[in-house]
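[1] fold the following, please.
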Amino acid sequence: MEFDEDLILPEGPPQDPNRPLSADEQIFATHHRHSDFDIATLVRDRTRALQFFRWHKHVQQQYSKLVAHSNNTLTAMTNKVGQIFLDICPIYPFNASELPADTVTHIKTVQRESPLVTAGIIESFKRSKSFTLKIQNVVAEGSERGICTVYRCQITSIDDNPVLSPSLCLKLFDDRFQPLESPDENDELDELLPRWFDSLVIAEMYALNEAAAYDKLHPAQGSVIPWFYGTHQFTLPDGTVLYGLLMEYIEGWELDSHFARELSPGRQIKMIQSCRHAARILDVGDVSQRDWHNGQILLYTNPTTKVDHV
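    This next block holds a predicted model:
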């Protein structure tokens, strides 16, 4: 089999480099995320690359990173992730037999039933083509260098049939707000052009990578891992389309909270031991976390068993 060494495959919607450059106003109106651009063209075309950075500056000035607010209604396409991506399938599945006996016991002791099972809507949700969410409040506005915002919400309809789910957690991915250093329009950057895009992230890929971790850790969901309800396409009230993860909402306390400091030494030890069990589960699942912070570990007391855990 012969390969054309000069063939350049697109990385996004194919862009004919011979076509005249579209006006900035047209790009600003029609491009809403990084995957709307053909990265393979941008790293080879200085003019189009500079236009991308002008677009990026425009959307950050024009829009708020906090894209949803209390009482907003979002419509969603179930399990839709925009562009076609290859399924992320782990080479080695999660093998619970590798867990130590005390970790297995801990999982069983703190196991929670899925909130959507309790509400009796899990099967209709799995079969659905669409659903709507009502935002209850903002959980996290996101870090300065992050692209995600997090919300507490409820499912209010499934395939146009009214329902009311327990509170859930929605994490939206919006790469428009990735901090990027923009080159000077007058710089001769042709040789360095590809490097300006080295750190560029694609929101859909970030969402799918995180979803793959939840899917792999499915045997531990509802214990030290939240129940996970998939990756979906969400349309905001202003028409913006974003991709996000839907999961169990857990009312807990952060590691650096007053609650944690006031726990008795015995309960603090239980929480630390639970952190160890959670770390073992991630290790057996070959799942890594690259940006640990206090907000990612919640202290929680199982309402049924009264067991403290994370």
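[2] next, the distance between the ends of stretch 77-93.
    Using Cα to Cα, to the nearest Å, the end-to-end distance of stretch 77-93 comes to 28 Å.
[3] equivalent analysis for stretch 24-37, please.
    Counting by Cα to Cα, you get 13 Å between the two ends of stretch 24-37.
[4] which ones are touching the residue nearest in space to the middle of the chain?
    The chain has A207 as the residue nearest its centroid, 4.0 Å off, counting by Cα atoms, centre = their mean. A207 makes contact with V81, F173, T231, Y243, G244, L245, according to Cβ atoms under 8 Å, 6 or more residues apart in numbering. Glycine gets a C-beta too; all of them are placed from N, C-alpha and C.
[5] that one: which element?
    helix 203-216 (DSSP states H and E).
[6] mind listing what's buried in that helix?
    203-208, 210-216 (16 or more other Cβ atoms under 10 Å).
[7] tell me how far F259 lies from D308.
    Counting by Cβ to Cβ, to the nearest Å, the separation of F259 from D308 is 11 Å.
[8] neighbour count winner among the two?
    Higher neighbour count among F259 and D308: D308, with 20 against 12, using other Cβ atoms under 10 Å.
[9] tell me which element the residue nearest to that one when sequence neighbours are not counted falls in.
    Excluding its sequence neighbours, the residue lying closest to D308 (Cβ to Cβ, 6 or more residues apart in numbering) is K270, at 4.4 Å. Assigned by DSSP H and E, K270 belongs to helix 265-284.
[10] burial count for E144?
    Neighbour count for E144, taken as other Cβ under 10 Å: 7.
[11] the closest residue to it other than its chain neighbours - how many residues pack around it?
    Nearest residue to E144, sequence neighbours excluded (Cβ to Cβ, 6+ apart): P179, at 7.1 Å. The number of residues packed near P179 is 11, by other Cβ under 10 Å.
[12] hmm, P179 is touching G146, no?
    No: counting by Cβ atoms under 8 Å, G146 is not a contact partner of P179; they are 9.2 Å apart.
[13] number of nearby residues for C275?
    As a burial measure, C275 scores 16 neighbours (other Cβ under 10 Å).
[14] against M247, how distant is the residue lying closest to it once chain neighbours are set aside?
    Of all residues not flanking C275 in the chain, V310 sits nearest, at 5.3 Å (Cβ to Cβ, 6+ apart). Using Cβ to Cβ, V310 is found at 16 Å from M247.
[15] what does Y214 give?
    Taken as Cβ to Cβ, the span from Y214 to M247 is 7 Å.
[16] domain parsing for the chain?
    Per automatic domain parsing, the structural domains of the chain span 1-62, 63-309.
[17] what's the least confident stretch among the ones you listed?
    Here the domains of the chain differ in mean pLDDT, and the lowest is domain 1-62 at a mean of 81.
[18] so how far is that one from its chain's centroid?
    For domain 1-62, the separation from the chain centroid amounts to 24 Å (computed by Cα atoms, centre = their mean, to the nearest Å).
[19] spit out the contact partners of P166.
    Going by Cβ under 8 Å, 6+ apart, P166 touches P115, L116, T118, A119, Q154, Y249.
[20] who does the nearest residue to D215 once chain neighbours are set aside bridge with?
    Of all residues not flanking D215 in the chain, F228 sits nearest, at 7.2 Å (Cβ to Cβ, 6+ apart). Beta bridges link F228 to M247 when assigned by DSSP bridges.
[21] how close does F228 sit to M271?
    Counting by Cβ to Cβ, the gap from F228 to M271 is 23 Å.
[22] go on, T305?
    For T305, the distance to M271 (Cβ to Cβ) stands at 15 Å.
[23] which of these two has more residues huddled nearby?
    M271 (19 against 13).
[24] and the more buried one, what does it touch?
    Going by Cβ under 8 Å, 6+ apart, M271 touches A260, L263, L299, D308, H309, V310.
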